[in-house]
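>>> I need the structure of the sequence given here:
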Amino acid sequence: MMNHFRFLSLSGIIASLIAMSSCANTTTPTVDPNASPNSLNSSVSTATDNMSKIDINDASDSDLKKLAIKLNIPELPEKIKENRPYKDINELAVKEVISPQQLDFVKNDITVAKPSPSPEEEEEDN
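Got it, this is the predicted structure:
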């Protein structure tokens, strides 16, 4: 009798958990019925690319800390700032700021906008 009660209790708990997980907050994207399919795809990809990527040349400390947490490298923000500017994201590995494997792990999260000139380049221009 006690085993049946345990089984029924566990079954009830599992069923409750499944029911609660299916009630998770989901949102349905809204679409403009007059928009062309091509404009929808391009606007979605552009918005997500620009919003989610961190520009390693001028990212704030809080953005760089997000990368540090993802890679579990507490000193990463300082290392990134010390080795600026970057011409492309591969320079993080070339300058040995992170390993090639770590770069591969975060390559979709980072970008490089037009690099700011290094102090040496600024002196050459003057």
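>>> for the protein, name the helix or strand with the lowest mean pLDDT.
Using mean pLDDT, DSSP states H and E, helix 37-52 stands out as the lowest-scoring helix or strand of the chain, at a mean of 51.
>>> mind listing the strands for the chain?
All strands of the chain, identified by DSSP state E, fall at 54-55, 110-111.
>>> in a markdown table: those strands, plus mean neighbour count.
Yep, even glycine has a C-beta here, placed from its N, CA and C like the rest. Formatted as a markdown table, the strands of the chain follow (neighbours: other C-beta atoms under 10 Å):
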| stretch | mean neighbour count |
| --- | --- |
| strand 54-55 | 18 |
| strand 110-111 | 19 |
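>>> do you know which of these lies nearest Asn83?
Closest approach to Asn83 among the strands of the chain (C-beta to C-beta): strand 110-111, 13.5 Å.
>>> summarise which helices and strands the closest one is packed against.
Applying 3 or more C-beta pairs under 8 Å, 6 or more residues apart in numbering; DSSP states H and E, one finds that strand 110-111 makes contact with strand 54-55.
>>> packing partners of the strand it packs on?
Looks like strand 54-55 contacts helix 61-71, strand 110-111 (3+ C-beta pairs under 8 Å, 6+ apart).
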